[in-house]
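*Asks:* Output the structure for:
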Amino acid sequence: MNLRYIMWLSFVVLSVLSCAAYAAVCNSFDTPSHWRVWLFAVIGIAGLGMLFLTRPIRSVRSCVLLIWIPAVLMRLALLPAAPSDDVNRYLWEGKLVGQGLSPYAHTADAEEWVDLRDEYWDAMNHKDKLTAYPPLTELAFGAVSKVAHHPLAFKLFFVAADLLTLGGVLLLLRGRGMALAYAGFYAFNPVVLISYAVEAHFDALMVAALVWAVVAHSSGRAKWAVALASVATGVKWIALPLIPFFALYRGVRACSRPEGGSHSEGLSKLRHYVFAAAVSVSVLLLPALFFWETLPELLRGLFQFGATRSFNGPIYQSLLWLGLPRFLCSLFVVLCFGGIVLWRWLHRERSSIDGHIRWILGALIVLSPTVHLWYLAWILPFVCLRPSMPWLMFSLTGGAYFYVWINAGQGDWMLKPWQMWMFWLPFVLACVYEVWSTRGRVIVPLHRTINESESFAVVIPTLNVANRLADALRSVAEQSFRPIEVIIADAGSTDDTVAVAKSVNLPIRIIQSERGRGQQIAAGIEASSADWVVVLHADGALNSDSLKHIASAVRGQPDVVGGALGQRFEQEQPELLPIELLNDLRGLFSRTAFGDQTQFFHRESAIRYGLMPKQPLMEDVESSWRVRECGAFLFLGQPSQVCHRKWLAKDWLKRFALVMRLVTRYRRARLQSRAAATALSEDMYEEYYGSRK
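*Replies:* Below you'll find the predicted structure:
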């Protein structure tokens with residue numbers, strides 16, 4: 001049993017025990033305990049530990065062991081915790097629907113309902129307010145109450161929807177060629193766990209429908225995508241702005257359309273939009289027929305909910321603190337949200353559907369007057385597809401939300417300013433870092449052209465590597481997705497490197513280049529004729545599906561111009577585990593990859609924007625920064641194998657210190673200018689390679 005597995009298992013045990021401890025502490029929904037804050041953070045830390053220690057998942061069995069079993073155990077451990085008081089309203093309104101009554105007809109405290117009052121009515125909050133839940137949600141409440149009129153029934157129903165979401169996320173990750181372990185950002189996240197397994201919020205139904213709408217959209221099932229997005233809207237109104245993005249027409253490209261086809265395509269577009277509108281209206285309207293006579297009261301309930309309450313909304317609360325009236329605060333956030341939706345619509349063809357969802361739901365959360373903890377769970381399934389440090393910070397800081405119950409015991413049902421800072425400040429700082437480190441490209445990335453079928457080339461820089469090159473080339477030959485060419489960029493090898501390259505049955509081209517890895521890779525990129533170039537070091541080896549994963553990842557994502565696969569050492573030694581973990585963290589969150597993590601580039605973009613610097617050292621770090629300053633950088637988490645011999649146990653710490661020192665010096669020089677960084681690269685070359693002799 002190796003160290004990685006032992007540590008992973010330790011974090012699983014810690015996660016389950018922390019969940020059980022949270023359930024024991026939370027014996028009522030409003031328990032005023034500091035333990036809720038700190039146990040939330042412990043669950044978050046343990047979940048992240050599990051995720052980054054997970055081995056590459058390449059089979060159903062390993063997926064069940066590494067994702068599903070821990071996810072289910074954590075949810076089971078949390079089930080005994082007291083649910084939110086919102087569940088009392090679900091039970092009350094479900095009871096009404098089950099008896100053929102409309103919950104929109106009267107407020108819960110109306111005299112007309114006196115004979116129906118029960119223990120759940122007694123515990124319900126805001127009895128004097130009309131309900132704002134959509135008709136489809138009310139029908140779901142009625143169905144669950146019919147099966148079992150008990151809070152646990154709602155918990156189990158919403159956890160089932162939550163696990164259905166997890167299944168959809170895993171399918172999307174597999175289709176994108178990304179590490180299935182990234183599903184842990186959702187499966188092990190305390191925001192999700194507490195929102196559904198503890199508090200039992202019905203938002204799980206909306207999120208599940210939305211995730212499976214993306215699954216349908218990704219597989220070309222446009223009708224199902226629109227229907228499921230409409231179901232999501234029918235469960236919770238916030239999904240309404242997303243329906244038009246699912247309804248977009250995806251016809252054949254103009255370049256492949258036969259002459260005279262524009263008229264027929266126009267008719268196809270019209271039929272598509274008419275059908276999409278019909279599906280959406282039907283899904284939204286049919287449940288409303290059950291409550292038709294009382295629907296005007298639903299509109300009143302929506303207005304009361306949206307116009308009179310605010311809690312923990314960072315923008316809205318800040319405007320209130322500045323002394324602005326609620327009307328102006330509401331107008332400001334509505335205009336901002338409308339502007340973001342319009343912006344995404346105007347650029348609808350320049351992003352994947354999940355990219356639009358992240359922006360729209362993210363804007364809705366940040367701009368909303370009220371932000372409860374479970375609102376954050378809306379966006380987390382889509383963060384798994386493009387891991388983002390700002391949103392994942394809430395898996396550590398979101399527990400600050402529970403200070404509200406401590407404050408409520410003192411007569412103030414709000415978060416104090418320092419508690420809101422604790423909740424929001426790490427998110428804000430992470431956003432600032434992302435904008436700064438990408439020079440704003442995280443907001444407005446450049447976009448590449450997309451071909452119907454993307455071609456790939458592998459570039460291998462070489463210099464006297466005959467003893468390792470054969471294994472690297474063998475791994476290329478075993479790819480399930482074959483490259484159209486392999487370019488050996490040699491810098492004047494004096495051993496059998498060239499002879500080894502010529503002996504392999506691959507479409508190999510050997511070019512001569514100036515010595516220096518950056519110069520060699522740049523020469524290989526320029527010599528290639530493929531759409532994408534994968535840079536493999538001669539002492540590395542691809543997994544059999546590496547190129548397939550990259551092809552899947554870049555398909556349909558026009559903002560992606562480069563990225564990296566990841567790496568694992570060929571031998572598992574305890575002292576190498578921290579290196580692997582730090583490399584993964586840096587690649588995922590700072591969008592900075594080292595060369596042995598197998599970088600890849602969109603060739604046209606690489607040449608046009610000079611993504612690969614012609615410098616002898618730090619070309620990998622510099623090219624990563626240039627990619628993230630140009631478009632999206634993807635870290636797939638699908639590691640290649642690399643040689644461990646340069647990290648020998650006797651001096652690995654010394655080498656680690658050297659690498660960190662050089663990267664830090666290079667970072668400081670880069671802050672001055674690219675020219676200063678390039679000049680420093682020349683100076684550091686001898687120091688780095690000389691230290692290995």
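*Asks:* Okay, helices next: where are they in the stretch 51-200 of the chain?
*Replies:* Applying DSSP state H, counting those that start in this stretch to the stretch 51-200 of the chain gives helices spanning 60-63, 69-78, 86-98, 119-123, 135-147, 151-176, 184-187, 190-192.
*Asks:* Compare those helices and report which one is nearest to Trp212.
*Replies:* Among those, helix 151-176 comes nearest to Trp212, with 5.0 Å by CB to CB. C-beta coordinates here come from the backbone N, C-alpha and C atoms, glycine included.
*Asks:* Mind giving me the packing neighbours of that closest one?
*Replies:* helix 69-78, helix 86-98, helix 135-147, helix 184-187, helix 203-218, helix 380-383, helix 546-554 (3 or more CB pairs under 8 Å, 6 or more residues apart in numbering; DSSP states H and E).
*Asks:* With just CA atoms, put the last one into CSV.
*Replies:* Listed in CSV are the C-alpha atoms of helix 546-554, where the atom choice follows Å, rounded to 0.1, in the frame of the first residue of the first chain:
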residue,chain,number,x,y,z
SER,A,546,-3.9,11.1,-24.2
LEU,A,547,-4.5,12.6,-27.6
LYS,A,548,-8.1,11.4,-27.5
HIS,A,549,-8.5,13.3,-24.3
ILE,A,550,-7.1,16.5,-25.7
ALA,A,551,-9.2,16.2,-28.8
SER,A,552,-12.4,15.7,-26.7
ALA,A,553,-11.4,18.6,-24.4
VAL,A,554,-10.9,21.2,-27.2
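*Asks:* Next, the angle helix 151-176 makes with it.
*Replies:* Between helix 546-554 and helix 151-176, the angle comes out at 120 degrees (axes from the mean of the first three to the mean of the last three CA atoms, to 10 degrees).
*Asks:* picking that back up, format the helices of the stretch 51-200 of the chain as CSV; extra columns: distance to Ala466, mean neighbour count and mean pLDDT.
*Replies:* Shown next, in CSV, are the helices of the stretch 51-200 of the chain (distance: least, CB to CB, whole Å; neighbours: other CB atoms under 10 Å; pLDDT from 0 to 100):
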stretch, distance to Ala466, mean neighbour count, mean pLDDT
helix 60-63, 36, 12, 96
helix 69-78, 45, 20, 98
helix 86-98, 68, 23, 96
helix 119-123, 76, 15, 94
helix 135-147, 66, 20, 96
helix 151-176, 37, 20, 97
helix 184-187, 41, 26, 98
helix 190-192, 51, 27, 98
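*Asks:* nearest to Ala538, of the ones you listed?
*Replies:* So among the helices of the stretch 51-200 of the chain, helix 151-176 is nearest, using CB to CB, at 28.8 Å.
*Asks:* Also compute the angle for that closest one relative to helix 203-218, please.
*Replies:* When the same axes, to 10 degrees is applied, the directions of helix 151-176 and helix 203-218 differ by 20 degrees.
*Asks:* tell me the angle helix 151-176 makes with helix 69-78.
*Replies:* 160 degrees.
*Asks:* what's the angle between helix 151-176 and helix 135-147?
*Replies:* Between helix 151-176 and helix 135-147, the angle comes out at 130 degrees (the same axes, to 10 degrees).
*Asks:* What is the distance between helix 151-176 and the centre of its chain?
*Replies:* 16 Å (CA atoms, centre = their mean, to the nearest Å).
*Asks:* cool, stretch 427-436 as well?
*Replies:* On CA atoms, centre = their mean, the centre of stretch 427-436 falls 16 Å from the chain's centre.
*Asks:* so how far is stretch 23-43 from its chain's centroid?
*Replies:* 26 Å.
*Asks:* can I see the domain layout of this protein?
*Replies:* Domain ranges of the chain: 83-253+261-386, 456-645, per automatic domain parsing.
*Asks:* Export the ones you listed as JSON lines, with columns for distance to Arg36.
*Replies:* Output for the domains of the chain, formatted as JSON lines (distance: least, CB to CB, whole Å):
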{"stretch": "domain 83-253+261-386", "distance to Arg36": "9"}
{"stretch": "domain 456-645", "distance to Arg36": "27"}
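*Asks:* Of those domains, flag the one that's most buried.
*Replies:* Comparing the domains of the chain by mean neighbour count (mean count of other CB atoms under 10 Å), domain 456-645 ranks first with a mean of 21.
*Asks:* Could you point out which of the helices and strands packed on helix 151-176 sits nearest Glu575?
*Replies:* Taking CB to CB, helix 184-187 is the member of the helices and strands packed on helix 151-176 nearest to Glu575, at 25.0 Å.
*Asks:* and that closest one, what other elements does it pack with?
*Replies:* Taking 3+ CB pairs under 8 Å, 6+ apart as the contact cut, helix 184-187 packs with helix 34-53, helix 151-176, helix 380-383.
*Asks:* Now that helix - C-alpha only, CSV.
*Replies:* The C-alpha trace of helix 184-187 is given here as CSV (Å, rounded to 0.1, in the frame of the first residue of the first chain):
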residue,chain,number,x,y,z
GLY,A,184,-15.0,15.6,-6.6
PHE,A,185,-15.3,19.4,-6.7
TYR,A,186,-19.0,18.7,-6.6
ALA,A,187,-19.3,15.2,-4.9
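*Asks:* quick one: it to chain centroid distance?
*Replies:* Here helix 184-187 is found 9 Å from its chain centre; the criterion is CA atoms, centre = their mean.
*Asks:* can you list the residues that contact that helix?
*Replies:* Helix 184-187 has contacts (CB atoms under 8 Å, 6 or more residues apart in numbering) with 47-48, 50-51, 54, 67, 70-71, 165-166, 169, 192, 380-381, 383-384, 387, 392, 395.
*Asks:* let's see it at 10 Å
*Replies:* With CB atoms under 10 Å, 6 or more residues apart in numbering as the test, helix 184-187 has contacts from 47-52, 54, 66-68, 70-72, 74-75, 162-163, 165-166, 168-170, 181, 192-193, 207, 211, 377, 380-385, 387-388, 391-392, 395.
*Asks:* Arg176 contacts Pro387, doesn't it?
*Replies:* No. Using CB atoms under 10 Å, Arg176 is not in contact with Pro387; the gap is 11.9 Å.
*Asks:* got any residues that touch both of those two?
*Replies:* By CB under 10 Å, 6+ apart, the residues touching both Arg176 and Pro387 are Tyr182, Leu634.
*Asks:* tell me the contacts of Val533?
*Replies:* The neighbours of Val533, taking CB under 10 Å, 6+ apart as the test, are 456-459, 483, 485, 487, 521, 524-527, 562, 599-603, 606-607, 611-612.
*Asks:* any idea how far it is from Gly49?
*Replies:* 35 Å (CB to CB, to the nearest Å).
*Asks:* And for the residue lying closest to Pro426 once chain neighbours are set aside, the neighbour number?
*Replies:* Take Pro426 and drop its neighbours on the chain: the residue closest to it by CB to CB, 6 or more residues apart in numbering is Met393, 4.2 Å away. Neighbour count for Met393, taken as other CB atoms under 10 Å: 20.
*Asks:* so Met393 touches Leu425, yeah?
*Replies:* Yes. In terms of CB under 10 Å, Met393 counts as a neighbour of Leu425; the distance is 9.2 Å.
*Asks:* quick one: low-confidence parts of the stretch 151-300 of the chain?
*Replies:* Across the stretch 151-300 of the chain, the ranges flagged by pLDDT under 70 are 250-263.
*Asks:* how about 90 then?
*Replies:* When residues are selected by pLDDT under 90, those of the stretch 151-300 of the chain lie in 220, 222-223, 248-277, 279, 292-300.
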